[in-house]
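S.K.: Return a 3D structure for these sequence lines:
(chains A and B)
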2 protein chains.
Amino acid sequence: MANQRRDANFYAIIPAGGAGSRLWPLSRADSPKFLHDLTGSGHSLLAETWNRLEPIAGNNIVVVCGNAHATAVARELPGLAPDNVVLEPSPKDSTAAIALAAAILVRRNPDAIVGSFAADHVIDDERRFVSAVNEAIATAEAGFIVTIGIRPTSASTAFGYIESGDGLDVASAPHAHRVVRFVEKPDAATAAEYVEGDTHLWNAGMFIAKASVLLDELRANRPDVAEPIEAIADAWDSPSRQSVLDALWATIPKVAIDYSIAEPAAEHGRLAVIPGDFRWDDVGDFAALARLHTSGRANVLATLGENTRVLNEGSSGVVVSQTKRLISLIGVKDIVVVDTPDALLVTTAAHAQRVKNIVEQIRQSGDDTVL
Amino acid sequence: MANQRRDANFYAIIPAGGAGSRLWPLSRADSPKFLHDLTGSGHSLLAETWNRLEPIAGNNIVVVCGNAHATAVARELPGLAPDNVVLEPSPKDSTAAIALAAAILVRRNPDAIVGSFAADHVIDDERRFVSAVNEAIATAEAGFIVTIGIRPTSASTAFGYIESGDGLDVASAPHAHRVVRFVEKPDAATAAEYVEGDTHLWNAGMFIAKASVLLDELRANRPDVAEPIEAIADAWDSPSRQSVLDALWATIPKVAIDYSIAEPAAEHGRLAVIPGDFRWDDVGDFAALARLHTSGRANVLATLGENTRVLNEGSSGVVVSQTKRLISLIGVKDIVVVDTPDALLVTTAAHAQRVKNIVEQIRQSGDDTVL
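M.R.: Predicted coordinates:
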């Protein structure tokens, strides 16, 4: 089957960073979102991401994470080769993470094609996902930087959108289109228009390109990021890795790959998009988590957690528990209850975005032990 | 001052029973409502009840409670004489508790006047309370069974009402009136009429009478209760207490004193009422607890508990915590959160009465450890 061929030059990059502070107190500094099972599958989001990529990339999967999470990542991913772990001395946003992995890989294989996929997103149709990635790889082989845009299933104002343009004539990628532009999170009316039309897709932050093309684009737009990254990559597979890292990592500017690579590439006509017809969510807050588990149905109460015990009288929303306490809910609608050994959160789906304010309050109070 | 005279024949009875299941998971079988500090005073409701009665009754205070609570009661009430503790082998409702105490006391002092006061109510003006009790004692001396009815401050549908009639001509009791009848919990419209008028008072379950009068009334209405009670009282201050208790206690019918004594006495014109112009609440559920601590103001979040740590963004209602966990609330209105080591309750004031359904569910599930 054409969709299931394996390209030996393809490498998946999983940047496993991000605090997930809107999922506090579930997501913590020492146990971030990607280490949690948010789908009820019995696997962490990171392990699910690996499992989704393995049919396409085999063991050619590189994980970029912080030193603090190295042990947990290794435990979650028994197939991860030690050479394929890139430990960041400190968080430097997505450009540094992805570009460093790409720069290391292109030195190991000059024909490397890389694809970056967040460690903490949820995708529910692996066949369609694989099909889209394979079209993206074919399009990347033709020299494009490629993103996979998700066909919107609702007028979400929580995601950015990608406007697709003319079709591209790429072998093995019948759905490839040129990207016209990126659109920031729209208002509700605009989002509704996008869903009606056929040209706007959700930006899911998946980027696929030849490593050399990706790094050329970065150098053209942000030489201040590209130069230290290239220097570190030169030293990576040598005894001087640590000393060069120590000297240069702190100097790297923090910038999202959307701004350093994707948007400039779109402006210059070098960005392509493959539409993804699978269910996707970044599970950015507890409202998204509730939606994921209730399929948007009102009057459903979803419960997550291994030992969760809930008694419910007429409540809806989501309960996440890390304790064995008996949790009773009576007549509370669209409620969000997150029960952990040292912190309890009670809010509603409508206020889910405000969780980060609470996290900020705690940070300012200096009570870091619960963060 | 006439209001502060002490009647040496007066004895206060505090029936300390009642599961308080609408206050679960705060109130438990082994730690019922009366053992909790629900006012933030630093004292349990039982200790506050004692402190309120001591200026009137001195050490003439008898507490009726279950065997399981004897130790806790003694700890709460250092002034309680061992002879003044009546331990019930099993709960038999208010008639048995109060009548047994009265029957024991009348054998110790044939002129005993008794007054029964719940162990778990809240009263906030002790001077007016003492004044009302002293008028009630004077009216009891004249041969009446007397209740103290609370002047309603809102059109509550949660309380029963007492309709007062003609004034009585009793020395030292200028506010004594005859009771026309008791009214069960009314609907909202009827309750509103009662508050407008001047003749309806809340039934707070306080009854004052000569012990002999009270027991005569019981014998006339419910000889099936009076007979075993009298027999147990005959044996109480003798070596045969336990054997008679063992033989007879289980046979006593469960009946509330309202039905066995107060309502029949009202029908026969033998019940008087003294209006109480103090703030009173039976704190029957978490809505009442929230009201007590927010003084009914919207947008106030009350917190109870020694170590309670709450972060709040735009929430109102009440948080009760027995843990040291950090509790964060965002945008939840009129919320009730009760956080205990083994059980968590989340509901709203509007649904507070439904807590007893949850307790019933737990009972039926057989998971008694959390009750």
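S.K.: Could you use CA atoms for every contact and neighbour count after this?
M.R.: Will do.
S.K.: Could I get the pLDDT score of the closest residue to A:Asn109 other than its chain neighbours?
M.R.: Spatially, and ignoring its direct neighbours in sequence, A:Asn109 is nearest to A:Asn9 (7.6 Å; CA to CA, 6 or more residues apart in numbering or on different chains). Confidence at A:Asn9, expressed as pLDDT, is 97.
S.K.: ok, the residue of the stretch 1-150 of chain A at minimum distance from chain B - contacts?
M.R.: Closest residue of the stretch 1-150 of chain A to chain B, CA to the nearest CA: A:Pro25 (9.4 Å). By CA atoms under 8 Å, 6 or more residues apart in numbering or on different chains, A:Pro25 lies in contact with A:338, A:340, A:343-345, A:370-371.
S.K.: which among the residues you listed end up buried?
M.R.: In terms of neighbour count (16 or more other CA atoms under 10 Å in any protein chain shown), the buried residues within those are A:338, A:340, A:343-345, A:370-371.
S.K.: Which residues of the stretch 201-350 of chain A lie near chain B?
M.R.: A:311, A:313, A:324-332, A:341-348 (CA under 8 Å from any CA of the partner chain).
S.K.: from these, which would you call buried?
M.R.: Buried among these (16+ other CA under 10 Å): A:311, A:313, A:324-332, A:341, A:343-348.
S.K.: so where do the helices sit in the stretch 251-371 of chain A?
M.R.: Using DSSP state H, counting those that start in this stretch, the helices of the stretch 251-371 of chain A run over A:257, A:263-267, A:286-294, A:355-365.
S.K.: The stretch 1-150 of chain A now?
M.R.: Under DSSP H, counting those that start in this stretch, the stretch 1-150 of chain A gives helices at A:45-57, A:70-76, A:93-108, A:126-141.
S.K.: per-residue confidence for A:Asp368?
M.R.: So A:Asp368 comes in at 82 (pLDDT).
S.K.: Show me the domain layout of chain A.
M.R.: Recorded structural domains for chain A (assignment: automatic domain parsing) are A:2-281, A:286-370.
S.K.: Off-centre distance for the first one?
M.R.: What that stands for is domain A:2-281. 7 Å (CA atoms, centre = their mean, to the nearest Å).
S.K.: before we move on, back to that, let's see which of the buried ones among the residues of the stretch 201-350 of chain A next to chain B end up in strands.
M.R.: Residues of those located in strands (DSSP state E): A:311, A:313, A:326-330, A:343-348.
S.K.: Does A:Val370 touch A:Asp342 like I think?
M.R.: Yes: A:Val370 lies in contact with A:Asp342 (CA atoms under 8 Å); the separation is 7.0 Å.
S.K.: Let me have the domains of chain A in JSON lines, extended by distance to B:Gly40.
M.R.: As requested, these are exported to JSON lines (distance: least, CA to CA, whole Å):
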{"stretch": "domain A:2-281", "distance to B:Gly40": "29"}
{"stretch": "domain A:286-370", "distance to B:Gly40": "23"}
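S.K.: Using CSV, write out every CA atom in stretch A:89-109.
M.R.: The C-alpha atoms that make up stretch A:89-109 are tabulated as CSV, following Å, rounded to 0.1, in the frame of the first residue of the first chain:
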residue,chain,number,x,y,z
PRO,A,89,19.9,22.7,29.4
SER,A,90,16.9,25.1,29.6
PRO,A,91,13.7,25.7,27.7
LYS,A,92,14.3,27.8,24.5
ASP,A,93,11.0,27.4,22.7
SER,A,94,10.2,25.3,19.6
THR,A,95,12.7,26.7,17.1
ALA,A,96,15.8,25.8,19.1
ALA,A,97,14.4,22.3,20.0
ILE,A,98,13.4,21.4,16.4
ALA,A,99,16.3,23.1,14.7
LEU,A,100,18.9,21.5,17.0
ALA,A,101,17.5,18.0,16.3
ALA,A,102,17.4,18.7,12.6
ALA,A,103,21.0,20.0,12.6
ILE,A,104,22.2,16.9,14.5
LEU,A,105,20.3,14.6,12.1
VAL,A,106,21.5,16.3,8.9
ARG,A,107,25.1,15.7,10.0
ARG,A,108,24.3,12.0,10.5
ASN,A,109,22.4,11.8,7.2
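S.K.: List the buried residues of that stretch.
M.R.: A:91-107.
S.K.: still on that earlier bit, JSON lines for the helices of the stretch 1-150 of chain A, including mean pLDDT and distance to A:Val255?
M.R.: As requested, these are exported to JSON lines (pLDDT from 0 to 100; distance: least, CA to CA, whole Å):
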{"stretch": "helix A:45-57", "mean pLDDT": "97", "distance to A:Val255": "23"}
{"stretch": "helix A:70-76", "mean pLDDT": "97", "distance to A:Val255": "23"}
{"stretch": "helix A:93-108", "mean pLDDT": "98", "distance to A:Val255": "6"}
{"stretch": "helix A:126-141", "mean pLDDT": "97", "distance to A:Val255": "23"}
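S.K.: Nearest to B:Ala19, out of those helices?
M.R.: helix A:45-57 (45.6 Å; CA to CA).
S.K.: just checking, what packs against that closest one?
M.R.: For helix A:45-57, the contact count by 3 or more CA pairs under 8 Å, 6 or more residues apart in numbering or on different chains; DSSP states H and E identifies strand A:10-16, strand A:61-66, helix A:126-141 as packing neighbours.
S.K.: Let me know whether A:Trp24 touches A:Asn357 as I believe.
M.R.: No: counting by CA under 8 Å, no contact exists between A:Trp24 and A:Asn357, whose distance comes to 10.6 Å.
S.K.: Looking at the two now, which is surrounded by more residues?
M.R.: A:Trp24 (25 against 14; other CA atoms under 10 Å in any protein chain shown).
S.K.: re the thing from before, please determine how far the residue of the stretch 1-150 of chain A closest to chain B is located from A:Ala72.
M.R.: 18 Å (CA to CA, to the nearest Å).
S.K.: And for A:Asp120?
M.R.: Counting by CA to CA, the separation of A:Asp120 from A:Ala72 is 14 Å.
S.K.: quick one: low-confidence parts of chain A?
M.R.: The model of chain A has pLDDT under 70 over residues A:1-5.
S.K.: residue closest to the middle of it?
M.R.: A:Ala118 (2.3 Å; CA atoms, centre = their mean).
S.K.: where does that one fall, phi/psi-wise?
M.R.: Dihedral angles of A:Ala118 (phi, psi; degrees, to the nearest 10) stand at phi -60, psi 150.
S.K.: Would you mind measuring from it to A:Ala220?
M.R.: Counting by CA to CA, the gap from A:Ala118 to A:Ala220 is 25 Å.
S.K.: Likewise for A:Pro275?
M.R.: For A:Pro275, the distance to A:Ala220 equals 27 Å [CA to CA].
S.K.: repeat for A:Arg107
M.R.: 19 Å.
S.K.: which residue packs closest to A:Ala112, ignoring adjacent ones?
M.R.: Leaving aside its sequence neighbours, A:Ala112 sits nearest to A:Asn9 (CA to CA, 6+ apart; 4.9 Å).
S.K.: Was I right to think that neighbour contacts A:Arg108?
M.R.: No: the pair A:Asn9 and A:Arg108 does not pass the contact test of CA under 8 Å, sitting 10.6 Å apart.
S.K.: Tell me which of A:Asp120 and A:Ala72 has more neighbours.
M.R.: Higher neighbour count among A:Asp120 and A:Ala72: A:Asp120, with 29 against 12, using other CA under 10 Å.
S.K.: Which residues are in contact with that one?
M.R.: With CA under 8 Å, 6+ apart as the criterion, the residues that contact A:Asp120 are A:16, A:33-34, A:45-46, A:49, A:282-283.
S.K.: Scan the residues you listed and report the most crowded one.
M.R.: Among the contacts of A:Asp120, the one with the most neighbours (other CA under 10 Å) is A:Lys33, at 29 neighbours.
S.K.: From A:Phe34, how far out is the closest residue to that residue other than its chain neighbours?
M.R.: Leaving aside its sequence neighbours, A:Lys33 sits nearest to A:Ser27 (CA to CA, 6+ apart; 5.0 Å). The spacing between A:Ser27 and A:Phe34, counted by CA to CA, is 9 Å.
S.K.: Now for the nearest residue to A:Lys185 once chain neighbours are set aside, how many residues are close by?
M.R.: Spatial nearest neighbour of A:Lys185, chain neighbours left out: A:Gly160 (4.4 Å); criterion: CA to CA, 6+ apart. A:Gly160 is flanked by 18 other residues according to other CA under 10 Å.
S.K.: I am finished for the moment; much appreciated.
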